[in-house]
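# With the input below, show me the fold.
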Amino acid sequence: MKTLLTITAFTVMILFQNGVQAQKLRNKIVKSIVQFESSYSSIQEDRKVLLDQLASRIAKGNKNDEDLTIVFVDKHNKEKSQLATIWLRTGLLYYNLNNYNVLSAGTEPIQEPFPALASLEAYGFRVGNASKNQRYAYTVKSGSETWQVTYTAIEALNLTDDGILRIFVEEGIAPEDGPKQIEISLFSPERIAMELLYVSSRIKYLNEQYQ
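Below is the predicted model of the structure:
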């Protein structure tokens, strides 16, 4: 009986912690994440291996409680890198993971409209223009957080090698022998959402193992 009470109390505590963190996200976003969680089993095993490797690199990057900056990079800083950034940020919030700074950049960013952002509204995000005076700059509101979406060249971030993990999400753009980088191709907006949420869940699991 004592063991059962202990397990029950622990379960309630975990659910409470996740619930408090999820309150930072809009209810519709939380419901969308729950639906994606039920689909993690549909990810093919060979793909899970790659995603688990990515989660491991991220988790190990800040296991000493030091902030880790993650930069998703594609050629034009468009759909893949921007959506990956938004969904990883969302997953980190949902799973109550701290000490991560998630950015996106392009090797050759192009200033043009970004219609793919509209796909986020179906999951509960609010997307708008950042400023009437600034073209091709947007805001994405997840609840308590509002994120700026702009096109940025990777050189403009002035990254150092310390505390940085570059994730190249398109083939053929990663420099040879680049410092602290990983390559993993991303695909459709829906797959990006599910896979980055899955990665977030694995980071949470790995962080708990490191404690």
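# which residues touch the residue most central in space within the chain?
With distances taken as Cα atoms, centre = their mean, the chain has Leu88 as the residue nearest its mean C-alpha position (0.9 Å). Contacts for Leu88 (Cβ atoms under 8 Å, 6 or more residues apart in numbering) come out as Ile70, Phe72, Val102, Leu196, Val199, Ser200. Where C-beta positions appear, they are placed from N, C-alpha and C, glycine not excepted.
# And the contacts of the helix or strand harbouring the first one?
Here Ile70 is covered by strand 68-74, with elements defined by DSSP states H and E. Strand 68-74 is contacted from outside by 58, 61-62, 80-82, 84-85, 88, 99-107, 154, 157, 159, 163-170, 173-174, using Cβ under 8 Å, 6+ apart.
# Convert the very next helix or strand once past it to CSV, retaining C-alpha atoms only.
Following strand 68-74 in sequence order, the next helix or strand is helix 79-94 (DSSP H and E). Extracted in CSV, the C-alpha atoms of helix 79-94 (Å, rounded to 0.1, in the frame of the first residue of the first chain):
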residue,chain,number,x,y,z
GLU,A,79,10.2,26.5,-44.1
LYS,A,80,12.5,23.7,-42.7
SER,A,81,14.7,25.7,-40.4
GLN,A,82,12.0,28.1,-39.2
LEU,A,83,9.4,25.4,-38.4
ALA,A,84,12.0,23.2,-36.8
THR,A,85,12.9,26.1,-34.5
ILE,A,86,9.3,26.8,-33.6
TRP,A,87,8.4,23.2,-32.9
LEU,A,88,11.5,22.5,-30.8
ARG,A,89,10.8,25.6,-28.7
THR,A,90,7.3,24.4,-28.3
GLY,A,91,8.4,20.9,-27.3
LEU,A,92,10.9,22.3,-24.8
LEU,A,93,8.2,24.3,-23.2
TYR,A,94,5.7,21.4,-23.1
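# and helix 79-94 with strand 68-74, angle?
Here helix 79-94 points in a direction 150 degrees away from that of strand 68-74 (axes from the mean of the first three to the mean of the last three Cα atoms, to 10 degrees).
# Beyond helix 79-94, next helix or strand please.
The next secondary structure element downstream of helix 79-94 (using DSSP H and E) turns out to be strand 100-106.
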